[in-house]
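**Student:** With the sequence up front, the predicted model follows.
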Amino acid sequence: MAVNRFIGEIVAEKLTHIHKLASLVPGDPGSYNSEKVANRRGVNLRSFESERQAIAWLREPAAAG
């Protein structure tokens, strides 16, 4: 039996030790829900279409919180 889950749910369960996580997605990253799901569960996941943008974001200092 297949279970449909957002990647963000799995990330939130298994990768909580990671401070920032970038994913590369085709097309419009804003149209994917994994980022929203992971963020709601406390994981700082951002989706990018460009590897250059993803790396630049990962190199930025994490926001204080």
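**Tutor:** That came through, no problem.
**Student:** what sits up against stretch 18-36?
**Tutor:** 6-8, 11, 15, 38, 43-51, 54-55, 57-58, 62 (Cβ atoms under 8 Å, 6 or more residues apart in numbering). For the C-beta atoms, the positions are set from N, CA and C on the backbone; glycine is no exception.
**Student:** That one: end-to-end distance?
**Tutor:** Across stretch 18-36, the terminal residues are separated by 16 Å (Cα to Cα, to the nearest Å).
**Student:** thinking again about what came up before, could you list which of the contacts of stretch 18-36 belong to helices?
**Tutor:** Counting by DSSP state H, the part of the contacts of stretch 18-36 found in helices is Ile7, Gly8, Val11, Ala38, Glu51, Ala54, Ile55, Trp57, Leu58.
**Student:** Between those, identify the one with the most neighbours.
**Tutor:** Ala38 (25 neighbours; other Cβ atoms under 10 Å).
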